[in-house]
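In: structural data only, the sequence is not supplied:
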C-alpha cells in the first residue's frame, strides 16, 4: 500500500489545486482530471492485491450503474455477468466537498 500512497501523493502534489473561491467550472475541471488519474492508480492497486478484474474507465466518462434512485457514475468498479456490481469506488467527492457527492448512495447489507 505504500506504493499506492506514494503514487497518490505524487499525483496530488504535482497539481495546483484551485482555491475554494475559484469559479465552479475551474474546480470541476480540476476534480474530474484528478479523479480520473486517482481512479487508475486505485484500480492498479486493487489489481495488485488480487482483484484482477477491477477496472477504471479509460475514457472521459464514468461507468454507470444503477444507484439507489437513478444511474450513478462510478470511478473504479468490479462487476461480472453472473453477480452484477460487486465493488465500486468513487473519488470525486473526496477532493472538495464530500457532502455534495453523497447523494444517490445505498448499501446492500
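Out: Good, I have the coordinates. This one's a predicted model, so the numbers in the text were calculated from it and none came from an experiment.
In: assumed residue 34 was part of a helix.
Out: Yes. Under DSSP: H, G, I helix; E, B strand; the rest coil, residue 34 falls within a helix.
In: and for it, the neighbour number?
Out: Using other Cβ atoms under 10 Å, residue 34 is surrounded by 18 other residues. C-beta here means a position set from N, CA and C on the backbone, and glycine is covered the same way.
In: thinking it is in contact with residue 15, fair?
Out: Yes. Between residue 34 and residue 15 there is a contact at 6.3 Å, judged by Cβ atoms under 8 Å.
In: mind listing the shared neighbours of those two?
Out: With Cβ atoms under 8 Å, 6 or more residues apart in numbering applied, the contact sets of residue 34 and residue 15 do not overlap.
In: tell me which strands and helices the lowest-mean-pLDDT helix or strand in the chain is in contact with?
Out: Every helix and strand in the chain was compared by mean pLDDT, DSSP states H and E; the lowest is strand 63-66, with a mean of 75. Using 3 or more Cβ pairs under 8 Å, 6 or more residues apart in numbering; DSSP states H and E, the elements in contact with strand 63-66 are strand 71-74, strand 76-80.
In: who's in contact with the longest one?
Out: This points to strand 76-80. With contact meaning Cβ under 8 Å, 6+ apart, strand 76-80 is reached by 39, 42-43, 46, 51, 53-56, 63, 65, 85-91.
In: tell me the buried residues within the residues you listed.
Out: Listed as buried from these are 39, 42, 43, 46, 54, 55, 56, 63, 88, 89, 90, 91; burial here means 16 or more other Cβ atoms under 10 Å.
In: restricted to helices, list those.
Out: Those of the buried ones among the contacts of strand 76-80 mapping onto helices are 39, 42, 43, 46, per DSSP state H.
In: check which helix or strand residue 85 maps to.
Out: Following DSSP states H and E, one finds residue 85 within strand 84-89.
In: residue 35 contacts residue 73, correct?
Out: No. Here residue 35 lies out of contact with residue 73, judged by Cβ under 8 Å, at a distance of 10.2 Å.
In: when the two are compared, which one has more neighbours?
Out: residue 35 (21 against 15).
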